[in-house]
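In: Here is a sequence with its predicted model. Questions after.
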Amino acid sequence: MKQIYTVTGMTCSGCKASVEEALSSLADVQEASVDLRTSQVVLELSHKISVKKLQEALSDKYAISENKELIQSEEKSELKQLFPLFLIFGYIIITSVLLNFKPWDTGSFMLDFMGLFYIVFSFFKLLDLKGFPQSFRMYDPLAKVMPIYSWIYPFIEVALGIMFLMRIEIPMALIATLIILGITTIGVTRTLLNKKSIQCACLGTALKLPMTKATFIENSIMIVMAIIMLINLN
């Protein structure tokens, strides 16, 4: 992973070389690159390193700190990228509520939510059916070993969406939801733990969404709903 820091005290190319050499000597630092003009150092890390440890590797002449402005900018950028996902999720929730508002029916709300979830998300995947499989195989364990699965996955979502909305074979649809989203969530969790920066394929390739905790949460909501519905059916 890449981290950017600010190093003060550098005045010449010799300082630049000294800082790069000192930081590169750390076990978890794969590469260190200093921009003398901006006083920034870009580190390629295998694991996150504390600022204290980085400072210990440097001479007392230099002081290293996280680039907080850049971190805040990246956080805002990530939220901006995820806005379409939040907007779509909001529309699905509102529509499901309106469909079951009078009289209120929690079970029907969850079924409609899951049905709309699948229909809407499959629509974005089908917009670029050629590009989706490649993105999906980046993190889904089953798609990695069975490439054909990534090609038929959008159609599985369409089928499940229709089953939930039309109330067809609900137990089967719930079990299928637990299986396919459970597998995907395993891949999402691995990606997040490894801190890999890849594109999320939940909305296909039409919308460039980063893989974040939001992806994990959306899958988890569907899995929890499926479990609750299965319990209520028994």
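Out: Great, that's in hand. Numbering: from 1, shown residues only.
In: After the lowest-mean-pLDDT helix or strand in the chain, which helix or strand is next? Please name it.
Out: Of all regular secondary-structure elements in the chain, judged by mean pLDDT, DSSP states H and E, the least confident is strand 209-210 with a mean of 67. Read in the C-terminal direction, the helix or strand following strand 209-210 is helix 213-233, with elements assigned using DSSP states H and E.
In: just the strands in this structure please.
Out: The residue ranges that make up the strands of the chain, judged by DSSP state E, are 2-8, 29-35, 40-45, 63-66, 199-200, 209-210.
In: So for Asp140, which of the ones you listed sits nearest?
Out: Proximity to Asp140 (CB to CB) singles out strand 199-200 among the strands of the chain, at 11.0 Å. From N, CA and C alone the C-beta is placed, and that goes for glycine too.
In: Tell me how many other residues surround Gln3.
Out: Residues within reach of Gln3, counting by other CB atoms under 10 Å, total 18.
In: who touches the closest residue to it other than its chain neighbours in this structure?
Out: For Gln3, ignoring the flanking residues on the chain, the nearest one in space by CB to CB, 6 or more residues apart in numbering is Leu43 at 5.0 Å. With contacts defined as CB atoms under 8 Å, 6 or more residues apart in numbering, Leu43 is in contact with Lys2, Gln3, Ile4, Tyr5, Leu23, Val29, Glu31, Ala32, Ile49, Leu54.
In: any idea how far Thr106 is from the closest residue to Gly161 other than its chain neighbours?
Out: Once flanking residues are discounted, Gly161 sits nearest to Tyr118: 3.3 Å by CB to CB, 6+ apart. Tyr118 sits 19 Å away from Thr106, taking CB to CB, to the nearest Å as the criterion.
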